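Peer 1: Quick one: sequence plus predicted model below, questions after.
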Amino acid sequence: MKKGFMRFAMLLCALALAACGKGGGEAADGAITVGFSQVGAESEWRTANTRSVKEALAAPEFNLKFSDAQQKQENQIKALRSFIAQGVDVIAFSPVVETGWETVLREAKAAGIPVVLTDRAVDVADDSLYVTLIGSDFVEEGRRAARWLLEDSEGQAGPIRIVELQGTVGSAPANDRMKGFKEVIDADPRFQIVRSQSGDFTRAKGKEVMEAFLKAEGRDGIDVLFAHNDDMAIGAIQAIEEAGLKPGEDIRIVSIDGVRGAFEAMKAGKLNATVECNPLLGPQLAQLIRDVHAGREVPKRVQVEEGVFTRDQAEAELPNRKY
Ligand code: GYE
């Protein structure tokens, strides 16, 4: 009887030690193996998103295989194929562009691996090729940027000449933000989009394309900049200053994401407004993956919550920003 108890106690100790051993960043037996293919590291939004995903899909519960596609679809397709070959439990990925996914998604389906889309959508005829999409409503973000502009332009005479810095060509956020923005401003004849070009969601490209806009339209030819993300707006602010103009005054600027850099630019008076796009979707993604892995039913579309912030709110809101 005593001997039996001792043996039981020793077994408990051994189990506890084993569990401790696995706690230090190692996946436990029975962990959910997730292959995650990220777009890249093109913006502050993206680095915050990567951090959030890595934190939420951590060991011991998850065994995360993380791959960075450096903004190239071919790299993502390679990563997905390698996840399929390794037989991961779940694939999650943020598709750099919307089209061209049918073949590889069919391969995942044939292998019985469920796919969760994060952040960006795909354009496929057969929507059984993915289980669910968690992300923001990019069309609504575009509308929000335009509604801010409308309000800020009250009583102003036209024409109000807008230049647009678009995101990555063919990406869901670029397509949808443009659509939502146009939908709202097209209803008011004062607004004209005089130039539109991609700055690939990066600061460097945002600056370069803004320089070209200024050259083409002249110092007095641009009233408003709409940038599909904050990083491009921040790059463009530099170009505007180098041209001897005042960003936020001579050219009003509205962008999307709500990253820390945007709040700092607003506090300095150089950016007028930012529409929030929340990158911290890691915890919601982890829950979806748990549900999908357990065979529970999940909604086809999961929404991330967000708002709009202006210059007068920047100073008070800055300490609350988590990205
Ligand atoms: O707005 C931009 C990033 O897909 C929502 O990608 C994301 C966008 C985000 O590079 O900064």
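Peer 2: Sure, I can see it. Numbers count the residues shown, from 1 in each chain.
Peer 1: Alongside the ligand, which residues does the stretch 51-200 of the chain contribute?
Peer 2: D119, R120, P173 (CB under 6 Å from any ligand atom). C-beta: built from backbone N, CA, C; applies to glycine.
Peer 1: Format those residues as a markdown table; extra columns: secondary structure, pLDDT and neighbour count.
Peer 2: Listed next are these as a markdown table, based on DSSP: H, G, I helix; E, B strand; the rest coil; pLDDT from 0 to 100; neighbours: other CB atoms under 10 Å:
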| residue | secondary structure | pLDDT | neighbour count |
| --- | --- | --- | --- |
| D119 | coil | 97 | 27 |
| R120 | coil | 98 | 23 |
| P173 | helix | 98 | 27 |
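Peer 1: Turn those residues into CSV, columns for distance to A85.
Peer 2: Formatted as CSV, the entries for these read as follows, by distance: CB to CB, whole Å:
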residue, distance to A85
D119, 24
R120, 24
P173, 30
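Peer 1: Report the contact partners of the closest residue to K267 other than its chain neighbours.
Peer 2: By the measure of CB to CB, 6 or more residues apart in numbering, the closest residue to K267 outside its immediate chain neighbours is A314, 4.5 Å from it. The contact partners of A314, taken as CB atoms under 8 Å, 6 or more residues apart in numbering, are F263, E264, M266, K267.
Peer 1: If we use 6 Å, what do you get?
Peer 2: Residues near A314 by CB atoms under 6 Å, 6 or more residues apart in numbering: F263, M266, K267.
Peer 1: Please tell me the pLDDT value assigned to it.
Peer 2: At A314, the model reports a pLDDT of 93.
Peer 1: so which of the contacts of A314 comes closest to E249?
Peer 2: Each of these was checked against E249 using CB to CB; the closest is M266, at 13.0 Å.
Peer 1: Surely the closest one touches T310?
Peer 2: No. With contact defined as CB atoms under 6 Å, M266 does not count as touching T310 (7.3 Å).
Peer 1: Make sure V194 is indeed in a strand.
Peer 2: Yes. Counting by DSSP: H, G, I helix; E, B strand; the rest coil, V194 is found in a strand.
Peer 1: Name the nearest residue to K72, ignoring sequence neighbours.
Peer 2: The shortest distance from K72 to any non-neighbouring residue, by CB to CB, 6+ apart, is to V96 (6.9 Å).
Peer 1: How is the one you found assigned, secondary-structure-wise?
Peer 2: Going by three-state DSSP: V96 is coil.
Peer 1: per-domain residue ranges of this structure.
Peer 2: In the domain annotation for the chain, the residue ranges read 26-135+279-305, 138-277 (automatic domain parsing).
Peer 1: can you put the ones you listed in a markdown table and add distance to K322?
Peer 2: Below are these laid out as a markdown table (distance: least, CB to CB, whole Å):
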| stretch | distance to K322 |
| --- | --- |
| domain 26-135+279-305 | 6 |
| domain 138-277 | 9 |
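Peer 1: Please identify the deepest-packed of those.
Peer 2: Ranked by mean neighbour count, the domains of the chain are led by domain 138-277 with a mean of 21 (mean count of other CB atoms under 10 Å).
Peer 1: Can you give me the first-to-last residue distance of it?
Peer 2: The straight-line separation of the ends of domain 138-277 (CA to CA, to the nearest Å) is 8 Å.
Peer 1: Kindly report the same for stretch 212-224.
Peer 2: Start to finish, the residues bounding stretch 212-224 are 15 Å apart (CA to CA).
Peer 1: shift numbering so it begins at 897
Peer 2: With the count now opening at 897, the last piece we talked about shows up as stretch 1108-1120.
Peer 1: And for it, what's in contact with it?
Peer 2: By CB under 6 Å, 6+ apart, the list of residues contacting stretch 1108-1120 from outside reads I1056, R1057, I1058, V1059, R1091, A1139, I1147, R1148.
Peer 1: isn't there a helix covering the second one?
Peer 2: No. Applying three-state DSSP, one finds R1057 to be strand, outside a helix.
Peer 1: and it, what does it touch?
Peer 2: Taking CB under 6 Å, 6+ apart as the definition, contacts of R1057 comprise Q1088, V1090, I1118, D1119.
Peer 1: In TSV: these, plus distance to G1008 and pLDDT.
Peer 2: Converted to TSV, the contacts of R1057 look like this (distance: CB to CB, whole Å; pLDDT from 0 to 100):
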residue	distance to G1008	pLDDT
Q1088	52	98
V1090	51	98
I1118	53	98
D1119	55	98
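Peer 1: for whichever strand or helix holds K1005, packing partners?
Peer 2: Secondary structure here is read from DSSP states H and E; on that basis K1005 sits in helix 998-1006. The helices and strands touching helix 998-1006, judged by 3 or more CB pairs under 6 Å, 6 or more residues apart in numbering; DSSP states H and E, are helix 969-982.
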